[in-house]
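>>> quick one, structure for this:
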Amino acid sequence: MSDSDTLSEALQEKARAELGEKVEWRERDIQALRDLVKADLELYCPHEDDAFLLMFLRARKFDYDSAAKLIHRYFEVRVEYEDFYKGFRPSMAKSLYEKGLYVRLPRIKETDPQPVLTRVGNWDVETHTMEEVLRGNIIQIEKLIRIKENQVTGVVLLMDLNGITWSHAKQANPFLAKRIMSIIQHAMPCRVKGMHYINVPHFFDYVFGIAKQFMTEKLRNRIHTHVTPETLKDHFDLEMLPDFLGGKYDIEPIAKEWAQEMLDSEQDFVAREKYGIRKVDAVSSNQGNSADAAGGITGTFKKLNVD
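As a prediction, this is how the structure comes out:
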């Protein structure tokens, strides 16, 4: 595999400098990870898909063992949090996307992290729970990390809290916070380069305090809070921001475009549902058969203890 012709020279240089990625070593690196994944008898995944493996290599800076463990965790968490991942597709959050809750913002420089905005104030607590809103965000991040440019640059998450009330905030709880932080930090091939909370209300410390205890020190150091959008200019080019955050453009056309792009990617998510974790005893009794006649996983899922 070689995507050097689709990654620009600037991104190739960024990948080399920050991730230790070298185009001339790519086949060797992918094969090394493939061998580790194939040796994991509990795991049924698309190990013949070079792009899939490369995504995890980039997320772990080409450390083979760490990338292999991340792949295992990526599928393992779908068993551990089975209720969260049931029907894990864009259609699950269709109404949230159509309300413009999530928006992929324009990237000014190709080597900058991909900015993504969540307009939390667009969340109607009468129709959706906090878990549903967070799941919709995880689904969009899942789509974003399948784009090779984003694997190199990482993503930066902006949360506009304008309009949220205590009715929104009181749904936060340690169980949900631990689950989301566990997924983002330890079960997705995602490099979060920053998290910016904008228009923070007076009760923000309550919500953030719950989540903060489950963040790694690395992520905590990448958190920024903004009482007003005014301080965003210290971090971002104003051309990247919509008018209500100090920029100049109307966000609604972009929001509609991103919502449609998310919904159009439904089958990409469906295709990955056949992969997962299986019991070793089921594997050993079905050597050579990675899937049943229907294309699903042979054997039973391994159930894990949830803290």
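>>> now the closest residue to L245 other than its chain neighbours: how far from V200?
Excluding the flanking residues, the one nearest L245 by CB to CB, 6 or more residues apart in numbering is P229, at 4.4 Å. C-beta: built from backbone N, CA, C; applies to glycine. When distance is defined by CB to CB, to the nearest Å, P229 is 11 Å away from V200.
>>> in the chain, which helix is the longest?
In the chain, taking DSSP state H as the definition, the longest helix is helix 64-80.
>>> helices or strands up against that one?
For helix 64-80, the elements it packs on are helix 26-38, strand 43-44, helix 50-59, helix 174-186, strand 276-277, judged by 3 or more CB pairs under 8 Å, 6 or more residues apart in numbering; DSSP states H and E.
>>> using CSV, write out every CA atom in the helix or strand following that helix.
Moving toward the C-terminus from helix 64-80, the next helix or strand (DSSP states H and E) is helix 82-85. Taking only C-alpha atoms (Å, rounded to 0.1, in the frame of the first residue of the first chain), the coordinates of helix 82-85 have been written out as CSV:
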residue,chain,number,x,y,z
GLU,A,82,-22.7,-3.2,24.5
ASP,A,83,-25.6,-0.9,25.2
PHE,A,84,-23.7,2.1,24.0
TYR,A,85,-22.5,0.5,20.8
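>>> wait, E252 touches G100, no?
Yes: counting by CB atoms under 8 Å, E252 touches G100, with 6.7 Å between them.
>>> the more surrounded of those two?
Using other CB atoms under 10 Å as the criterion, E252 and G100 rank with G100 on top: 17 against 11.
>>> now the closest residue to the more buried one other than its chain neighbours: which helix or strand?
For G100, ignoring the flanking residues on the chain, the nearest one in space by CB to CB, 6+ apart is A255 at 3.6 Å. Using DSSP H and E, A255 sits in helix 252-264.
>>> now that helix, how far from the chain's geometric center?
Helix 252-264 has its average C-alpha position 18 Å from the chain's average C-alpha position, going by CA atoms, centre = their mean, to the nearest Å.
>>> and it, what does it pack onto?
For helix 252-264, the helices and strands in contact under the criterion 3+ CB pairs under 8 Å, 6+ apart are helix 94-98, strand 102-104, helix 130-144.
>>> packing partners for whichever helix or strand comes after the second one?
Beyond strand 102-104 on the C-terminal side, the first helix or strand identified by DSSP H and E is strand 114-119. With contacts defined as 3+ CB pairs under 8 Å, 6+ apart, the packing partners of strand 114-119 are strand 102-104, helix 130-144, helix 148-153, strand 155-160.
>>> apply 7 Å and report the result again.
With contacts defined as 3 or more CB pairs under 7 Å, 6 or more residues apart in numbering; DSSP states H and E, the packing partners of strand 114-119 are strand 102-104, helix 130-144, strand 155-160.
>>> does P115 really touch L105, like I thought?
Yes: under the criterion of CB atoms under 7 Å, P115 makes contact with L105 at 4.1 Å.
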